[in-house]
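K.L.:
return a 3D structure for these sequence lines:
(one chain, ligands or ions: 1)
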Amino acid sequence: MVYSLNKALILYYNETSFTKSKNNQKKESNEEKVVFELKRLFEEKKFLVDTINLIPTKKLHLKDQFKKEKEINLLNKLPELNNYNLVLIGTPIVGAMTSSPVINSFIRKINFGAKKNKPLFIIYSTGIIHGFELKKLTSLLSMKGIKPIDSECFCSMFDFDSKKLVEVKSFFDRFFEKI
Ligand SMILES: Cc1cc2nc3c(=O)[nH]c(=O)nc-3n(C[C@H](O)[C@H](O)[C@H](O)COP(=O)(O)O)c2cc1C
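P.N.:
Sure thing, here's the model as predicted:
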């Protein structure tokens, strides 16, 4: 791999960022733990990493997010994906074992125009039980002519601990071989 500057972008959404914990203290979510671990692993390989937590303009209940997926707008300025060698998209598993409407909505807005050098895409999910979420993202991406080079699900009933994050490292090592 010969890039003048190696840049990766990690896009994610935190469904639970709208949920306050009992004592009102913010604790690191599983979604964030995976993002920070991936960022750390990329930085070890001397990559520049940007992370973007997608934030919808309106706080919608999950049911309404599903009903109005196409109307979800984001506060974030859409990044220039072509500036990156790699784009990672992470979704929480929500609803009936599927991807977040916020992430789906972001993918629907991807527009490469006439640009030729698309980044490589990688997708992953976090949740309790693996469902249809990666299939859903794969099919939305295919409508944009994008085929992710790798995908993985990180699932547990519990808060992710360092043992769980070893799975993130295995995933990282696996897709890093492919780039
Ligand atoms: C409203 C809501 C619905 C959820 N639905 C599912 C689901 O259908 N399947 C599943 O495995 N996890 C589900 N989860 C758990 C999320 O996947 C989990 O919160 C997410 O992976 C990230 O973990 P974090 O909230 O600690 O970041 C749901 C979470 C919320 C808040």
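K.L.:
how about the residues of this protein near the ligand?
P.N.:
Among all residues of the chain, those adjacent to the ligand (criterion: CB under 6 Å from any ligand atom) are 14-16, 29-31, 62, 92-97, 126-129. To be clear about C-beta, it is placed using only N, CA and C from the backbone, and glycine gets the same treatment.
K.L.:
switch the cut-off to 8 Å
P.N.:
Counting by CB under 8 Å from any ligand atom, the residues of the chain close to the ligand are 14-16, 19, 29-33, 62, 92-98, 125-131, 154-155, 159-160.
K.L.:
start and end of stretch 82-95, how far apart?
P.N.:
Distance between the boundary residues of stretch 82-95 (CA to CA, to the nearest Å) amounts to 31 Å.
K.L.:
tell me the mean pLDDT for it?
P.N.:
Confidence over stretch 82-95, taken as the mean pLDDT, stands at 96.
K.L.:
go on, stretch 53-69?
P.N.:
Here the average pLDDT along stretch 53-69 is 94.
K.L.:
list the buried residues of it.
P.N.:
Judged by neighbour count (16 or more other CB atoms under 10 Å), stretch 53-69 contains these buried residues: Leu54, Pro56, Leu60, Gln65, Phe66.
K.L.:
can you give me the strands in this structure?
P.N.:
Across the chain, reading from the start of the chain, the strands by DSSP state E fall at 7-12, 48-53, 86-92, 120-127, 150-155.
K.L.:
make JSON lines from those and add distance to Leu78 to it.
P.N.:
Converted to JSON lines, these look like this (distance: least, CB to CB, whole Å):
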{"stretch": "strand 7-12", "distance to Leu78": "10"}
{"stretch": "strand 48-53", "distance to Leu78": "9"}
{"stretch": "strand 86-92", "distance to Leu78": "12"}
{"stretch": "strand 120-127", "distance to Leu78": "15"}
{"stretch": "strand 150-155", "distance to Leu78": "22"}
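K.L.:
out of those, the one nearest Ser142 is which?
P.N.:
In this view, the strands of the chain are compared for proximity to Ser142 by CB to CB, and strand 120-127 is the closest at 10.7 Å.
K.L.:
got the CA positions of that closest one in CSV?
P.N.:
C-alpha atoms of strand 120-127 as CSV (Å, rounded to 0.1, in the frame of the first residue of the first chain):
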residue,chain,number,x,y,z
LEU,A,120,-12.4,1.6,0.7
PHE,A,121,-15.4,1.0,3.0
ILE,A,122,-15.6,-1.2,6.0
ILE,A,123,-18.8,-1.7,8.1
TYR,A,124,-19.5,-3.0,11.6
SER,A,125,-22.2,-3.2,14.2
THR,A,126,-22.5,-3.2,17.9
GLY,A,127,-25.3,-4.7,19.9
